[in-house]
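Participant: What follows is a predicted structure for the sequence shown.
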Amino acid sequence: MARILVFDSGVGGLSILRVLQHNQATQSEHHQWLFCSDNAFFPYGLKKEAELIARVTNVLSALQEKFQPDIIVLACNTASTVALESVRATLSTPVIGVVPAIKPAAQLSQSQSIGLLATPGTISRPYTQKLIDEFAADCRITRVGSNELVWIAEQYLRTGMVDNMELHRILAPLRDAIAHHKLDTVVLACTHFPLLIEFLHEQLPEIKHWVDSGEAIARRVAWCLNQRETAPPPADIVPPNIALFTRLDDNIKALERALNYFDIRETQVLDLPPISQ
């Protein structure tokens, strides 16, 4: 049995958990899945880098001590592009980060016109520009930074409803790039956004490739599982999958239907020690 922790500030990490639970290399009835939302510090995209590094490092340290996961997936582009180095230097558990899938998008695009859909922080971060310079220097990049789209995804998991007019407005720059630059590929550089994929398809049916990091993360998790020195035999009773939150919130109850989809039947509010922010 492996205990795998998927961590995000909101519910975007559930898009990564969905891939892990259904990917042939990582799905197993003998894994215990822990999903943690740092809802007390949500959204990460609006936080300063220094406080974000401290927060993520400290929360994950507390989670490592409490649950002893075999692998941690930092399922947040914002946190990964800012805090991954600090987290890896602090924790003994292998940590897998999520970064914008610019390299595979550049390989897929036939028009060399790519959309980058992310939070404003990820859009403007030097790490993202480095990926563009290295893997997509010959491509036209249309950047769309939106915190509103994160909230739309959060509400969709809780209510099943999406504001299509707001979605239409947010995606206007990509629509223009389709018309003027034959944009054919979009990078979903926030883990919240794959949760809205059916609505994105409806809004922009011309896009041939929607690219996120889910499958790449699954391959890396599978590799880490294979590197484990000892693989204990499956337990007769695997502990239940758990959703963890850092603050008691009325919105947790509203997520119950969505969490059931991931076979998560238990929720906990973490009793963490004081965490510097």
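Facilitator: The structure has been received and is ready for your questions.
Participant: Report the contact partners of the nearest residue to Ser92 once chain neighbours are set aside.
Facilitator: Nearest non-adjacent residue to Ser92, counting by C-beta to C-beta, 6 or more residues apart in numbering: Gln64, 7.2 Å away. Quick note: C-beta positions are derived from backbone N, CA and C, even for glycine. Contact analysis of Gln64 by C-beta atoms under 8 Å, 6 or more residues apart in numbering lists Ile72, Leu91, Ser92, Thr93.
Participant: name the element Gln64 belongs to?
Facilitator: Per DSSP states H and E, Gln64 falls inside helix 49-67.
Participant: Just the buried ones from the contacts of Gln64, in ChimeraX syntax?
Facilitator: In ChimeraX, this line selects whichever of the contacts of Gln64 come out buried by 16 or more other C-beta atoms under 10 Å:
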select :72,91,93
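Participant: so which of the contacts of Gln64 comes closest to Ile252?
Facilitator: Nearest to Ile252 among those, counting by C-beta to C-beta, is Ile72 at 21.6 Å.
Participant: How is that closest one assigned, secondary-structure-wise?
Facilitator: strand (DSSP: H, G, I helix; E, B strand; the rest coil).
Participant: Pull the number of nearby residues for Gly12.
Facilitator: Counted with other C-beta atoms under 10 Å, residues neighbouring Gly12 total 27.
Participant: thinking it is in contact with Leu188, fair?
Facilitator: No. Shown here, Gly12 and Leu188 do not form a contact pair, counting by C-beta atoms under 8 Å, at 10.0 Å.
Participant: could you measure Arg220 against Glu206, distance?
Facilitator: Arg220 sits at a distance of 31 Å from Glu206 (criterion: C-beta to C-beta, to the nearest Å).
Participant: Kindly report the same for Lys182.
Facilitator: With distances taken as C-beta to C-beta, Lys182 is found 9 Å from Glu206.
Participant: elements contacting the lowest-mean-pLDDT helix or strand in the chain?
Facilitator: Counting by mean pLDDT, DSSP states H and E, the chain has its least confident helix or strand at helix 250-254, which shows a mean of 90. Helices and strands touching helix 250-254, by 3 or more C-beta pairs under 8 Å, 6 or more residues apart in numbering; DSSP states H and E, are helix 148-159.
Participant: State the mean pLDDT of the helix holding Gln64.
Facilitator: The average of the pLDDT scores along helix 49-67 is 95.
Participant: Spell out the residue ranges of the helices in the stretch 1-150 of the chain.
Facilitator: 13-22, 49-67, 77-90, 102-108, 120-124, 126-135, 148-159 (DSSP state H, counting those that start in this stretch).
Participant: if we can go back for a sec, mind checking how far the residue nearest to Ser92 is from Val187?
Facilitator: For Gln64 relative to Val187 (C-beta to C-beta), the value is 30 Å.
Participant: got the CA positions of the helix holding Gln64 in PDB?
Facilitator: Provided in PDB are the C-alpha atoms of helix 49-67 (Å, rounded to 0.1, in the frame of the first residue of the first chain):
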ATOM      1  CA  GLU A  49       6.000  34.800  -2.800                       C
ATOM      2  CA  ALA A  50       7.800  35.000   0.500                       C
ATOM      3  CA  GLU A  51       4.700  34.300   2.600                       C
ATOM      4  CA  LEU A  52       3.600  31.600   0.100                       C
ATOM      5  CA  ILE A  53       7.000  29.800   0.400                       C
ATOM      6  CA  ALA A  54       6.700  29.900   4.200                       C
ATOM      7  CA  ARG A  55       3.100  28.700   4.300                       C
ATOM      8  CA  VAL A  56       3.400  25.800   1.900                       C
ATOM      9  CA  THR A  57       6.700  24.600   3.400                       C
ATOM     10  CA  ASN A  58       5.300  24.700   7.000                       C
ATOM     11  CA  VAL A  59       1.900  23.100   6.200                       C
ATOM     12  CA  LEU A  60       3.500  20.300   4.200                       C
ATOM     13  CA  SER A  61       6.000  19.700   7.000                       C
ATOM     14  CA  ALA A  62       3.100  19.300   9.500                       C
ATOM     15  CA  LEU A  63       1.300  17.000   7.100                       C
ATOM     16  CA  GLN A  64       4.400  14.900   6.600                       C
ATOM     17  CA  GLU A  65       4.800  14.500  10.400                       C
ATOM     18  CA  LYS A  66       1.100  13.700  10.900                       C
ATOM     19  CA  PHE A  67       0.400  11.300   8.000                       C
END
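Participant: That concludes my questions; thank you for your assistance.
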